[in-house]
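1. Using only what follows, build the 3D model:
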Amino acid sequence: MFASRLVRQLVSSRSSVLIARRGFSTQPTEVTPQQLQKQQQDLVSLTSTQNFKNLIATTKHYYEILSEAIGESNVTPLAKAESIQPNLSISTPAGKLAHALFTSAAQMRCINIVSKEVEKLLNFINIGSTFEDSLKSKFSNEEKTTIISLLANSCTGLSPLTSFFLYHIAFIEKFELLVPALKDFKKLADSLSTDVTVKLTVAHNYSAAEKAELEKEVTSFFVAGTPIKYNYTVDESIINGFKIESTLLNHDATLKSAEEKAKRDVSALVESLKKDIEQAIKDENPVWETKEFQDKYFL
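-> The predicted structure is shown next:
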């Protein structure tokens, strides 16, 4: 089967993560025979068509956002974020998908993140190669889904929205529109020519040197060349770190936020432990003696 060959090629022990005859590759990575065997097993699991499509059910939030933006859903429209509109309109089927992704990213204030990831995907699949042709070919939908799944898993670190967009393309089986839609999204994002205003919340008044260092870090979150205007606000309650707020990107890197998340995680873990022990007592099953229980709560 084509998908099986693709998996074997992807974890070739000699060279790169390579999809032979499909036209895209990454830097070479040497692996031991044991690592190779594990990678093959992991990839086969990751690229299971059913598992891939089941991700739709576990990302209902993104499904509703994207479907509502495309106009294929009866869900109540979500509250809009500050309006950001591209300076052009693309009316093709691929353009419709691109506009939907753009609108979804605007609602979630992550246009900048998605833009960088789309560029990463386009570079990875090497536009003009046989990758796009394979999605238009007579391969089965299962095999085309596997190709997109491999793409999603190869481009590590994708945001949930970008990942879901790939899942959505496979789910609606519009494989031939993937590459054109990514290209069209890039056109929409590139059409934004206005300056970006970023509100930075910090714990104390920053010196010129501190501002320069922070702004250098924040600038790295945006597409190269984006004109940015910074407005500072001091809030001692955040304790340390900073918070970014803009129409293109929101990011909370404050100590206060980290502490609150840690408290929520501990609370959830304690509640889960309590329920597991109560159920074990009820079932007269010493579950705490199992490796699974010990790995979950004590590692």
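2. Please verify my assumption that Ala189 contacts Glu117.
-> No. Taking contacts as CB atoms under 8 Å, Ala189 lies outside contact range of Glu117: 10.8 Å. In this view, the C-beta of every residue, glycine as well, is placed from N, C-alpha and C.
3. any shared contact partners between the two?
-> Common neighbours of Ala189 and Glu117, using CB atoms under 8 Å, 6 or more residues apart in numbering, do not exist here.
4. Next one: Thr219 from Gln107, what distance?
-> From Thr219 across to Gln107, the span is 24 Å (CB to CB, to the nearest Å).
5. The two: which is more packed in?
-> Neighbours were tallied for Thr219 and for Gln107 using other CB atoms under 10 Å; the higher tally belongs to Gln107 (21 against 13).
6. So, low pLDDT: which residues of the stretch 51-200 of the chain?
-> 51-83, 127-129, 193-194 (pLDDT under 70).
7. residue boundaries of the helices in it?
-> 60-70, 93-107, 111-125, 130-136, 141-154, 160-172, 178-190 (DSSP state H, counting those that start in this stretch).
8. Buried residues of the fifth one, list them for me.
-> To tie it back to what came earlier, the one meant is helix 141-154. Glu143, Lys144, Thr145, Thr146, Ile147, Ile148, Ser149, Leu150, Leu151, Ala152, Asn153, Ser154 (16 or more other CB atoms under 10 Å).
9. measure the closest residue to the third one other than its chain neighbours to Glu143 for me?
-> The reference is to Thr145. Once flanking residues are discounted, Thr145 sits nearest to Ala170: 4.5 Å by CB to CB, 6 or more residues apart in numbering. Note on Ala170: its distance to Glu143, by CB to CB, is 11 Å.
10. Relative to Glu289, how far out is Ile111?
-> Taking CB to CB, one finds Ile111 at 50 Å from Glu289.
11. Comparing these two, which shows the higher neighbour count?
-> Using other CB under 10 Å as the criterion, Ile111 and Glu289 rank with Ile111 on top: 28 against 9.
12. Put the alpha carbons of the helix or strand where Tyr297 lies into PDB.
-> Using DSSP states H and E, Tyr297 sits in helix 291-298. Below are the C-alpha coordinates for helix 291-298, written out as PDB (Å, rounded to 0.1, in the frame of the first residue of the first chain):
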ATOM      1  CA  LYS A 291       2.300   0.700  37.200                       C
ATOM      2  CA  GLU A 292      -0.200   2.900  35.300                       C
ATOM      3  CA  PHE A 293      -1.500   4.500  38.500                       C
ATOM      4  CA  GLN A 294       2.100   5.100  39.800                       C
ATOM      5  CA  ASP A 295       3.200   6.600  36.500                       C
ATOM      6  CA  LYS A 296       0.100   8.900  36.400                       C
ATOM      7  CA  TYR A 297       0.500  10.300  39.900                       C
ATOM      8  CA  PHE A 298       4.000   9.800  41.100                       C
END
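13. what comes up buried for that helix?
-> In helix 291-298, counting by 16+ other CB under 10 Å, buried: Phe293.
14. got the helices of the stretch 51-200 of the chain as a markdown table, with distance to Ile244 columns?
-> Formatted as a markdown table, the helices of the stretch 51-200 of the chain follow (distance: least, CB to CB, whole Å):
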| stretch | distance to Ile244 |
| --- | --- |
| helix 60-70 | 21 |
| helix 93-107 | 16 |
| helix 111-125 | 10 |
| helix 130-136 | 34 |
| helix 141-154 | 27 |
| helix 160-172 | 17 |
| helix 178-190 | 18 |
